[in-house]
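A.B. asks: Could you work out the structure for the sequence below:
(2 chains, ligands or ions: 1)
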Amino acid sequence: MIAPRRHPAQDHFRQPLTETPFHPRLAALCETESWYNWAGQKALHSVYDEELEYFAIRSTAAVFDISPMIKYRIRGPGAEAMLNRLTLRDVRKLAPGRVQYTAWCDDAGEVLDDGTLFRPGPQEFRLCSQGRHLPWILDTAEGFDCTVEDESTAIAGLALQGPASFAVLQAAGFSGLETLKTFNIRDLPHEGGQVTISRTGFTGDLGYELFCPAEAALSLWDRLWSAGAPLGLKPIGYNALDRARIEAGFIVPGTDFIATDLALRADRARLPDEIGLDWLVDPAKTQFNGRRAIMAARAKGGPRHVLVGLEVEDNTPAVGAILYHHKKREAGVVSSAIWSPMLKRNIAIASLDAPYGSRITEDLWVEIYALRELRYHKLMKRARIVPRPFLKLRRRTVTPPGLV
Amino acid sequence: MTSCDAIVIGGGHNGLTTATVLAKSGRKVMLFEAAEALCASMQTVEIAPGYRTSALSHLVNRLAPEVIRATGLDTACLNRTPAPTVTLGAGEPVVLRGGYGETLDGVSAEEALAFAAFRQKLMAQAAILGRFLTRRPPLPGEITRKDLLPLTTTGLALLRGGRGAARELMRMLLTNVADAADEHLCDDRLRGLMAFDATLGSHMGPRSPGSLLGLYYRLTGSANGIPGAQIVPLGGMGALATAFTAAAERAGVTLRPGTPVARIEAVQGRATGVTLADGTLVQAPVVVSAVHPATTFLQLVDRAEIGTGLTRAFRRHRSRGNVAKLHLALSRVPGFTGVAEADHAGRIVLARSTDHVETAFNPAKYAEFSPDPAMEVVLPSLGQPEMAAEGCTLSALVQFAPYALRGGWAAGKAKLLETILARLEAHAPGLRETIVFADLLPPPEIEARFALPGGHWHHGEMTADQLLFNRPVHAAAGYRTPLDGLWLASAGSHPGGGISGLPGLNAAREILEARP
Ligand SMILES: Cc1cc2nc3c(=O)[nH]c(=O)nc-3n(C[C@H](O)[C@H](O)[C@H](O)COP(=O)(O)OP(=O)(O)OC[C@H]3O[C@@H](n4cnc5c(N)ncnc54)[C@H](O)[C@@H]3O)c2cc1C
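C.D. replies: Down below sits the predicted model:
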C-alpha cells in the first residue's frame, strides 16, 4: 500500500548523475574538472582555485550552485500543522515571508536531517535539506489537509554570498532588497516569471539564496554574471563554501553527525541535544516527532554526546583527529576542521562523549596525524572549547546592507 | 463538561473488564460503547422469529479464572459439562472428550496412546507459556523484578521437566502445526483438527511457519478449571455478556451504550479525554481504548499527537480477518452422519486432514475463498427451548474467507454460502431443506456489524512479529502507549483475542500500578 504511493512521487534514481540547470555556465568556467556527486547531480569541489574562491566569499561575492539541494513544496490549510508534527521548532511562529532553520527527528528523537523551512505564504512552504525524505514526509502528512511535492529538479537554486552580494543584486536590477532582513523572503520579477530571493546562506556572511524555475536558470545566471563580474563575483565550489560554513559554525549531516536513517550502527544516531541543536527543540509547542524521547532523555540527565567548537593550538587542521582528556582518555572525535584565514586561528567542530564537553571541559587534547611527504607527523595539541559561530560578521545581519 | 478518573472506550468484554477492575479499586469510571448493546459481539440475537443464537463468538474456552475473580463475574451460564469436539473426516468421526481429548472415541488404541502422549506434551508446554499471559509482556530494556517472576518460574518449571523438556519446547515453539502433528500422530482426522484449531482466526495455513503457536494459545485456555475444555453457554453468548455488564454495574461503572467516541483528545502528547460523536467533551487523566488498536491510533487519535513512526507501524499492522460466520435457523435438529445424538451438543469440526486445511488456506493468499472450506459447527440452541422452541440454530465459523475478496463480497457471498451449504449437506443429509433462514457474514460484514476492523478474531494477527513486546506494535506494547495517559486494552494487545478478558485485566493492573 505504501510503496505504490511513493514510487510515482520520486524517480530521481532512474537517472544517475544528471546536470544541474546551471551546468552549461559552470562547465564553461570550470578549470578543475573536480566534479562530485551531490544527490545524484554533478557539483564542483572547486571551480578554478579553492583559495581564491574562499576569499571571494569573504571579500567580494561568490555564487554557488545549490540546485542539487532537496526541495519539497508543501501547500494547503493543513501544511502548518503537518510541519509542526514533522519539525522541532514552532512553525506557527514562522511568519509568512520568513525562513526558519530547523531539524526533524524520528519517533526515537534521533535526528533525520536539518534544513531550512521557507514560508512564502500562509499556506505555502518549501523545505530544503541535504537528504531525501519524501516517504517520511508523505507518511507524516497523511491525514493532514496538504500536498507534498518534490520540486528538487524543477527548481534551480543559487547561493549568492559575500560582502558585495547585495551590490551584485542591485546592479542586476533586483530592486528594493535593501529592506530585506535576515531570514526574510521576497519574490522579484525575472523574465516574465519570478525569482524567490531570501536573505539566507551557509557562510555566516552577508548573502542571499535565489530560487527560480529550472527553465529560467541560465537567464538568471547571465543576469547576475553580467552585473556581478565587474564587482568581483566569482563562481565557487563546495570546498570554499565548506571553509566558510565551518567559520560560521554550521554543521553538515554526514560530516558532523550521521542521520539516523542512514546510520548503520545503532549508537551513531543522535538526539538534537547531542549535536548542538537543543535550541531548536520547542517543548512548549504542539506535539512533534521525537518530543517524547527528547524530553525523556533530558529528564534522565542530559545528552550523552556533546557537539562543540574547538580552538586548537598551532596551525595544523585537526581533521578526523581523536580527542583526549589529559592526553590519555579518549573523549571524542573532530568532524570538521580548518585553519581559518579570517580569524587566523585553527578551528574545529568536534563530538565529545559525556562527561567530556559537559562536566569536563578542560585539559582536552587532539592527536593529529599530519602526513607530510610520506611521513606522519604525530602532533598532540591542546584544544579549547569555544563558542560557535567562530566568526561573527556584523554585515550578515545589518539592514540595509552596507560596507560594515 | 463531564469528567471522571478514567474513560474506557469500547464495551467489549475486555473494556468491561478494565472498567470493572478500575471501578472496584475506587476509580470513577465511564465506559462508552458505540453499539446499542454492551458486548456487541457476544449477544444472543433472534435471527428469525423464534430462533435465537450467538451473534458472533459461540464457544467459551479461554475465559480466565483471574478475570472471573477480579470482576466478580457470575458464571452461572457456564455451569455445564464441557462440550466434546467431534472431528469429521472420511469415515467415522473422532470424538475428543474432556479438556481437549482427555479421552478419545473413534481411533485405534495405538493412535489413542500417541495422541495422549502428544496432548500431554502440548498441555505441559502450554502451561509454561500460559504464565506469560496473565501479566504485562516482558518489555526489552524495561525488565522489572515483576517480569522476572514468570521468567524464573518458567525456568524452574522447565528444569523440573528435565533439560530435555526445555530443549523440546525451544525446538517446537516456532515450528508449524503440520510438522508437529505429523511427527506425533498418524490419524488424518486428528491432524486435521489440530491444523484447524491452530489456524482458526489467522491468516495462515498449518504449514505456515509458527502455526503451532495458535494451538498452544488455544491450549492455554480453560473452561470451568479444565485446561483445553470448551463450553456452549446456556442462553448463548448473550448470557455471558449480561454477566460482564452486571459486574461492571455492580462495580459502579457509568455505562453508556449507544455512545460512539469520535475522538481522543490530547495536548502536547498527553491524552486528556474524549469527544463523543454528539460533540460532548469528557475529560479524564486516564483514557483506555478497548477498541481495535489501529482504529485507536489511525482514527480516534489526532495524527498531530503521535509520531510518524507509530502511524507507519499501524499501517503495517496485519489485521484482516479470514473467518466467515454462518447463521442458520433450522426447522429440525440436523443429524451429522456418524455422530451420536448427544455429541451434537459439542463442536463439530469439518477438517479432514492437514492437507485439507492447507488447501483451504491457499486461495486466501490470492484473495479468493476456499471452494472446500474447513469449519466448526455449533448448535447453540440445542436443548434450550427458550432459544429455539422448534428445530435449532446452527452457528458455523468458516475458513478461509479473505477480508478483501477478489471481485468483492457482493458477488462472492452467495457463492460461498452455496459452497458451505453443500459441505454441510454432505455431512448432514437433509439439512438444506430444513433451512428457515440463512445469513452469512464475511469478514467485511463482521467488521461493519461489530465495529471490528478487518473482522479479525484477535484484533491483529497472532504471529511472532505481533506478539508479546511487539503486540500490537512495539511502541504500544504493554498497554501503555506513546501518548501519555492513553492505554490499550483490547484483544489487539497482549496476550490476544478470544473471550479471555486478559488484555482488559492486565491493562487495568498496569494502570493501577502506574498511578501513585
Ligand atoms: C467470526 C469470529 C468468531 C469468533 N468466535 C469466538 C469464539 O467462539 N470464542 C471466543 O472466545 N472468541 C471468539 N472470537 C474472538 C472474539 O470475538 C474477540 O477476540 C473478542 O470479541 C475481543 O474482545 P474485545 O473486548 O477485545 O473487543 P470487541 O469485542 O471487538 O469489543 C470492542 C467494542 O468496541 C466498540 N467500539 C468500536 N469503536 C468504538 C468507538 N469509536 N466508540 C465506542 N465504542 C466503540 C465495538 O462496538 C465493540 O463492542 C471470534 C471472532 C470472530 C471474528
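A.B. asks: C-alpha from now on. contacts and neighbour counts both.
C.D. replies: OK.
A.B. asks: Which positions in the top helix by length along chain B come out as buried?
C.D. replies: The residue-count maximum for a helix in chain B (DSSP state H) belongs to helix B:109-130. Neighbour counts over helix B:109-130 (16 or more other C-alpha atoms under 10 Å in any protein chain shown) mark B:111-112, B:114-116, B:118-119, B:122-130 as buried.
A.B. asks: residue contacts, the closest residue to the ligand within the stretch 251-400 of chain A?
C.D. replies: Using C-alpha to the nearest ligand atom, the closest approach of the stretch 251-400 of chain A to the ligand is made by A:Q287 at 22.9 Å. The contact partners of A:Q287, taken as C-alpha atoms under 8 Å, 6 or more residues apart in numbering or on different chains, are A:N84, A:R85, B:V267, B:Q268, B:G269, B:A304, B:E305, B:I306.
A.B. asks: Check which residues of stretch B:141-158 are buried.
C.D. replies: Residues B:D147, B:P150, B:L151, B:T154, B:A157, B:L158 are the ones in stretch B:141-158 that count as buried (16+ other C-alpha under 10 Å).
A.B. asks: ignore the last one, stretch A:174-191
C.D. replies: Within stretch A:174-191, the residues that count as buried by 16+ other C-alpha under 10 Å are A:F174, A:L177, A:L180, A:K181, A:T182, A:F183, A:N184, A:I185, A:R186, A:D187, A:H190.
A.B. asks: can you tell me which residues contact the fourth one?
C.D. replies: So the one you mean is A:K181. A:R199, A:T397, A:V398, A:T399, A:P400.
A.B. asks: Now do it, the pLDDT please.
C.D. replies: What the model reports as pLDDT for A:K181 is 97.
A.B. asks: which stretches of the stretch 1-150 of chain B form strands?
C.D. replies: Ranges of strands within the stretch 1-150 of chain B are B:2-3, B:6-9, B:29-32, B:44-48, B:51-54, B:85-88, B:94-97, B:103-105, based on DSSP state E, counting those that start in this stretch.
A.B. asks: Give me the contacts around stretch A:378-391.
C.D. replies: By C-alpha under 8 Å, 6+ apart, stretch A:378-391 touches A:204, A:246-250, A:308-314, A:327, A:342-343, A:347, A:357, A:361-370.
A.B. asks: Check stretch A:343-362 too.
C.D. replies: A:246-247, A:249, A:256, A:275, A:303-319, A:323, A:325, A:331-340, A:384-385, A:390-391.
A.B. asks: I'd guessed B:F115 sits against B:L185; true?
C.D. replies: Yes: at 6.5 Å, B:F115 and B:L185 qualify as touching, with contact defined as C-alpha atoms under 8 Å.
A.B. asks: before we move on, back to that, which of the contacts of A:K181 are buried?
C.D. replies: Looks like the contacts of A:K181 have A:R199, A:T397, A:V398 buried, using 16+ other C-alpha under 10 Å.
A.B. asks: Test my guess that the first one contacts A:E178.
C.D. replies: Spelled out, it's A:R199. No: applying C-alpha under 8 Å as the test, A:R199 and A:E178 come out as separate, 10.6 Å apart.
A.B. asks: so which strand or helix has B:Y403?
C.D. replies: Using DSSP states H and E, B:Y403 falls within no helix or strand.
A.B. asks: picking that back up, let me know the closest of the buried ones among the contacts of A:K181 to B:M170.
C.D. replies: Using C-alpha to C-alpha, A:R199 comes nearest to B:M170 of these, at 64.4 Å.
A.B. asks: contacting residues around the closest one?
C.D. replies: With contact taken as C-alpha under 8 Å, 6+ apart, A:R199 is in contact with A:L180, A:K181, A:T182, A:F183, A:N184, A:I185, A:L206, A:G207, A:Y208, A:E209.
A.B. asks: Looking at the contacts of stretch A:378-391, which are in strands?
C.D. replies: Among those, the members falling in strands (DSSP state E) are A:308-312, A:347, A:364-370.
A.B. asks: Lowest-confidence one in these?
C.D. replies: When the ones in strands among the contacts of stretch A:378-391 are compared by pLDDT, A:A370 scores lowest at 90.
A.B. asks: quick one: that residue and A:A348, what's the gap?
C.D. replies: According to C-alpha to C-alpha, to the nearest Å, A:A370 stands 15 Å off from A:A348.
A.B. asks: who has more neighbours, the two?
C.D. replies: Taking neighbours as other C-alpha atoms under 10 Å in any protein chain shown, A:A370 and A:A348 compare with A:A348 leading, 31 against 17.
A.B. asks: number of nearby residues for the nearest residue to the more buried one once chain neighbours are set aside?
C.D. replies: Among residues not flanking A:A348 along the chain, A:A337 sits closest, at 4.0 Å (C-alpha to C-alpha, 6 or more residues apart in numbering or on different chains). For A:A337, the count of nearby residues is 25 (other C-alpha under 10 Å).
A.B. asks: A:Y208 now?
C.D. replies: Going by other C-alpha under 10 Å, the residues that sit close to A:Y208 add up to 26.
A.B. asks: distance between stretch A:395-404 and the chain's centre?
C.D. replies: Its chain's C-alpha centre lies 22 Å from the corresponding centre of stretch A:395-404 when counted by C-alpha atoms, centre = their mean, to the nearest Å.
A.B. asks: Reduced to three states, what does the residue lying closest to A:V366 once chain neighbours are set aside come out as?
C.D. replies: Of all residues not flanking A:V366 in the chain, A:L323 sits nearest, at 4.5 Å (C-alpha to C-alpha, 6+ apart). With DSSP: H, G, I helix; E, B strand; the rest coil as the basis, A:L323 sits in strand.
A.B. asks: ok, now which ones touch A:L323?
C.D. replies: Counting by C-alpha under 8 Å, 6+ apart, A:L323 touches A:E330, A:A331, A:G332, A:V333, A:V334, A:L352, A:L364, A:W365, A:V366, A:E367.
A.B. asks: Which of the residues you listed ranks first by neighbour count?
C.D. replies: A:V366 (28 neighbours).
A.B. asks: how near is that residue to A:R372?
C.D. replies: For A:V366 relative to A:R372 (C-alpha to C-alpha), the value is 18 Å.
A.B. asks: quick one: low-confidence parts of chain A?
C.D. replies: A:1-10, A:403-404 (pLDDT under 70).
A.B. asks: in it, which spans are helices?
C.D. replies: A:2-6, A:23-29, A:50-59, A:79-86, A:134-141, A:165-171, A:217-228, A:238-248, A:291-299.
A.B. asks: List the contacts of the second one.
C.D. replies: I take that to be helix A:23-29. Helix A:23-29 is contacted by residues A:V47, A:Y48, A:L218, A:W221, A:P235 when judged by C-alpha under 8 Å, 6+ apart.
A.B. asks: Quick one: those residues as CSV, columns for distance to the ligand and neighbour count too.
C.D. replies: Output for those, formatted as CSV (distance: C-alpha to the nearest ligand atom, whole Å; neighbours: other C-alpha atoms under 10 Å in any protein chain shown):
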residue, distance to the ligand, neighbour count
A:V47, 62, 27
A:Y48, 66, 19
A:L218, 57, 16
A:W221, 58, 17
A:P235, 61, 23
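A.B. asks: Might one say that A:V99 is in contact with A:T196?
C.D. replies: No: in this structure A:V99 lies outside contact range of A:T196 using C-alpha under 8 Å: 11.9 Å.
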